[in-house]
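Novice: A structural model of the following input is requested.
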Amino acid sequence: MGLIGLSTGCRAPAPNPPEGVLKFEREVKLTGKEVAVDFYLPQGLKKAPVVVVAHGFSRSRLNMAGWGGLLASNGFITAIPDLPAWSDHERNSHAIRELLHRINSKTLVTEPAPNGHGALMGFSMGGLCALLAAATNDQVRCWVGLDPVDASQKGAEAAKRLHIPCAVFQAEPSRCNRDGNAKQLVAGLPGPLFALRVRGATHTDPELPTDWLAELFCGKADAKRRAIFECYTLAVLKSVFFGDASSLAALASATNDAGVKVLSTRAIKDFKP
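Specialist: Numbering: from 1, shown residues only. Predicted coordinates:
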């Protein structure tokens, strides 16, 4: 994946935010480095929970821009930073933790006001960095991994400390997700857990937008498979933060979805405020 990120000219254009979502970019100092952060704010709300979204290895915030609009349009203050380090997972996790704290302290976003609760979510390496940050932050109420990868067992060890609701959405095993080594993260998580594998999915499916070079290395993305990642991610977050009954029902009935293989629905009754 490192070669993919080096060819910035191949990057797909970021989608425009949907109606009712305000987007702005701001430079924020995280772990001592100024980085660009894109904020997506739902309009018409007085308060909202926060989701920080982390991009994959050697990628950028622009590769997760579609998630920003999608999450904000469903009632979440969403922040997507350029992570400060290329491959220093610990530093990136500190940056994610700092960003969530700054947002909840109302120094970066005031309208809608952050309600003090947050989720950390990440794709590929970003999923690992978000997990490491969640394991050491009592403001985090949910972690979501989008085909996350582990490195040197760091994620598997950190996962043992996460007793909050967690969700892991995997693609099919491949060289780009280290042969599906997210299974060791799933095995280590002790709390409420919703985990599944999207049948036939490639590692590029959760990126929004991805680009042709990523597809060349990691498999072509498919809009229908991507929609599955989106659907269940929203169902998890809306269950945890809003107590949405239809979202919780969608998680409970996932075993009837031919597009996925459900790996765990442990204690999903606890996916609620």
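Novice: residues in contact with the longest helix seen in the chain?
Specialist: The residue-count maximum for a helix in the chain (DSSP state H) belongs to helix 223-242. Here helix 223-242 makes contact (Cβ atoms under 8 Å, 6 or more residues apart in numbering) with 49, 51, 70-71, 74-76, 117, 119, 121, 141-142, 144, 146, 165, 167, 169, 194, 196, 198, 200-202, 205-206, 208, 244, 247-248, 250-251, 254, 257, 259-260, 268, 271-273. From N, CA and C alone the C-beta is placed, and that goes for glycine too.
Novice: May I ask you to confirm that Glu111 is in contact with Gly44?
Specialist: No: look at Glu111 against Gly44 with Cβ atoms under 8 Å: they stay out of range, at 10.2 Å.
Novice: Can you select the buried ones from the contacts of helix 223-242 in PyMOL?
Specialist: Remark: buried members of these, expressed as a PyMOL selection using 16 or more other Cβ atoms under 10 Å:
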select buried, resi 49+51+70+71+74+75+76+117+119+121+141+142+144+146+165+167+169+194+196+198+201+202+205+206+208+244+247+248+250+251+254+257+260+268+271+272
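Novice: Could you pull out the strands in the stretch 51-200 of the chain for me?
Specialist: Applying DSSP state E, counting those that start in this stretch to the stretch 51-200 of the chain gives strands spanning 77-81, 113-123, 140-146, 166-170, 193-198.
Novice: can you tell which of those is closest to Val28?
Specialist: strand 77-81 (7.0 Å; Cβ to Cβ).
Novice: can you count the residues close to the residue nearest to Thr255 when sequence neighbours are not counted?
Specialist: Excluding its sequence neighbours, the residue lying closest to Thr255 (Cβ to Cβ, 6 or more residues apart in numbering) is Val262, at 5.0 Å. When neighbours are defined as other Cβ atoms under 10 Å, Val262 has 16 of them.
Novice: for Glu172, same thing?
Specialist: 17.
Novice: and it, what does it touch?
Specialist: Gly180, Arg197, Arg199, Gly200, Ala201, Thr202.
Novice: May I have stretch 230-245 as CSV, with CA atoms only?
Specialist: This file holds the C-alpha atoms of stretch 230-245, laid out as CSV (Å, rounded to 0.1, in the frame of the first residue of the first chain):
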residue,chain,number,x,y,z
GLU,A,230,-21.6,1.9,5.1
CYS,A,231,-24.9,0.3,6.2
TYR,A,232,-23.5,-1.7,9.1
THR,A,233,-21.2,1.1,10.2
LEU,A,234,-24.1,3.4,10.5
ALA,A,235,-26.2,0.8,12.2
VAL,A,236,-23.5,0.3,14.9
LEU,A,237,-23.0,4.0,15.5
LYS,A,238,-26.7,4.9,15.5
SER,A,239,-27.3,2.0,18.0
VAL,A,240,-24.6,3.0,20.3
PHE,A,241,-25.1,6.8,20.4
PHE,A,242,-28.8,7.2,19.6
GLY,A,243,-30.4,3.9,20.7
ASP,A,244,-31.9,3.6,17.3
ALA,A,245,-34.2,0.5,17.4
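Novice: Let me know the average pLDDT across that stretch.
Specialist: Mean pLDDT, computed over stretch 230-245, is 98.
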